[in-house]
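[1] Turn this into a structure:
(2 chains)
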Amino acid sequence: MKIKTKAKSSSKIPTASIADIVFLLLIFFMSVTVFKEYQGLKVELPLAKATKKIERKRMITHIWINARGEINVDDVMVTLENINTVMLQKISENPATIVSLRADSRVKYAIVAQLIEELKQSNALRVNFATLTEGGEPG
Amino acid sequence: MALRIHKKKILSRESEIPTASLADIVFLLLIFFLVTTSMDPDKGLGLTLPPPGEETKRHKEDILPIFINSAGEMLIREDIVSLNEIKEIVKRNFRKNPKLVISLIIDLNAEYRFMVDVLDEIKLAFNDLKKENPDFKESISLATPAF
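    Okay, the predicted model is just below:
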């Protein structure tokens, strides 16, 4: 009796389309990526439950206030007095600027109140108080 | 002499760009963008400030004042409340009077987190009210201290 030898079937996965698939993924990530532009100050953000994402990432101006009360607007150290000039310039570049206020949770409200007043004066009316999500991931 | 014209045949050379490494290169790029994409979006509590110089007079009944002192204690109208009561009180008051405006009056020596805590509770209340009534308009005013 003859024993049948198994026919060797060529089992090759077609790899020609891998590049195309990866290209698509690449293009997706390229278009989504917004590089972190600014270093900022070290702050401990307060916690909140009702946090929402800011959708327009490219329109955000970041303002940091650390526990010592130092203020930083997009990596430029400013004082409360000259924040107006900085913000007016930002607003003239983009009237729909959203200010993301990343203030330390221990900072005195007086500084925040004064800052909000300055923002009002410079017509930067869309403010977002940056928080961490309660029970969420650290960031 | 017989010149032999040597006709060279043009060889049809196969001219293919090797594409085997393309996938590897693109994978590298992909990994780079995957790593650099910041997956922590800017999150926070949004608030739209009133334009400068705008002061609107309102009836006393249309204002819900919330006071916070430097120790973080809260007062709504005349009652001392705790943080987890605020949400229900705000909701109850807004159901009674949809024209209500919350006025946050905060001690200048209070810590910023007290303000965020209260703002958070108000926002939670607003989210619930919005579910009940899609036309609901949020209205918070931050009292302007005199500097």
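
[2] Find out how far the lowest-mean-pLDDT helix or strand in chain A is from the centre of the chain, if you would.
    Within chain A, no helix or strand scores below strand A:52-53, which has a mean of 79 by mean pLDDT, DSSP states H and E. Its chain's C-alpha centre and that of strand A:52-53 lie 11 Å apart, by C-alpha atoms, centre = their mean, to the nearest Å.

[3] does chain B sit close to it?
    Yes - judged by C-beta under 8 Å from any C-beta of the partner chain, strand A:52-53 comes into contact with chain B at A:52-53. The C-beta positions use only the backbone N, C-alpha and C, and glycine is treated the same way.

[4] Which SSE is immediately downstream of that strand?
    strand A:60-65 (DSSP states H and E).

[5] contact partners of stretch B:15-25?
    With C-beta atoms under 8 Å, 6 or more residues apart in numbering or on different chains as the contact definition, stretch B:15-25 has outside contacts at A:15-16, A:18-19, A:22.

[6] ok, 6 Å please
    Identification of contacts with stretch B:15-25 by C-beta atoms under 6 Å, 6 or more residues apart in numbering or on different chains yields A:18-19.

[7] Endpoint to endpoint, it covers what distance?
    21 Å (C-alpha to C-alpha, to the nearest Å).

[8] buried residues in that stretch?
    B:22-23 (16 or more other C-beta atoms under 10 Å in any protein chain shown).

[9] From the chain's centroid, how far away is that stretch?
    The chain centroid and the centroid of stretch B:15-25 are separated by 44 Å, computed with C-alpha atoms, centre = their mean.

[10] and the closest residue to B:I106 other than its chain neighbours, what is it in contact with?
    Of all residues not flanking B:I106 in the chain, B:I68 sits nearest, at 4.6 Å (C-beta to C-beta, 6 or more residues apart in numbering or on different chains). Contact analysis of B:I68 by C-beta under 6 Å, 6+ apart lists B:74, B:106, B:110, B:114.

[11] ok, what's across the strand from B:I68?
    B:M74, B:I106 (DSSP bridges).

[12] How much space separates it from A:V107?
    15 Å (C-beta to C-beta, to the nearest Å).

[13] same question, B:F67
    In terms of C-beta to C-beta, B:F67 sits 20 Å off from A:V107.

[14] the helices in the chain, which residues?
    You didn't say which chain, so I picked chain A. Ranges of helices in chain A, per DSSP state H, are A:18-32, A:83-93, A:109-121.

[15] My question was about chain B, not that one.
    Under DSSP H, chain B gives helices at B:22-36, B:83-96, B:112-132.

[16] ok now the last one, how far from the chain's centre?
    To tie it back to what came earlier, the one meant is helix B:112-132. That offset, for helix B:112-132, works out to 13 Å (C-alpha atoms, centre = their mean).

[17] buried set for it?
    B:112-126, B:129.

[18] circling back to that earlier point, any chance of the helices of chain A in JSON lines, plus mean neighbour count and distance to chain B?
    Below are the helices of chain A laid out as JSON lines (neighbours: other C-beta atoms under 10 Å in any protein chain shown; distance: least, C-beta to the nearest C-beta, whole Å):
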{"stretch": "helix A:18-32", "mean neighbour count": "14", "distance to chain B": "4"}
{"stretch": "helix A:83-93", "mean neighbour count": "16", "distance to chain B": "11"}
{"stretch": "helix A:109-121", "mean neighbour count": "20", "distance to chain B": "4"}
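
[19] Kindly report the residues of chain A close to chain B.
    Counting by C-beta under 6 Å from any C-beta of the partner chain, chain A comes close to chain B at A:18-19, A:22-23, A:25-26, A:29-30, A:33, A:36, A:46, A:48-51, A:53-54, A:60, A:100, A:103, A:105-107, A:109-110, A:112-113, A:120-121, A:125-131, A:139.

[20] what residue ranges in chain B score low on pLDDT?
    Residue ranges of chain B with pLDDT under 70: B:1-12, B:38-41, B:54-55, B:145-147.

[21] For residue 42, grab the count of nearby residues.
    All of this is about chain A. Other residues within reach of A:K42, judged by other C-beta atoms under 10 Å in any protein chain shown, total 9.

[22] You answered for a different chain; I wanted chain B.
    B:D42 has 21 nearby residues by other C-beta under 10 Å.

[23] ok, now A:T51?
    22.
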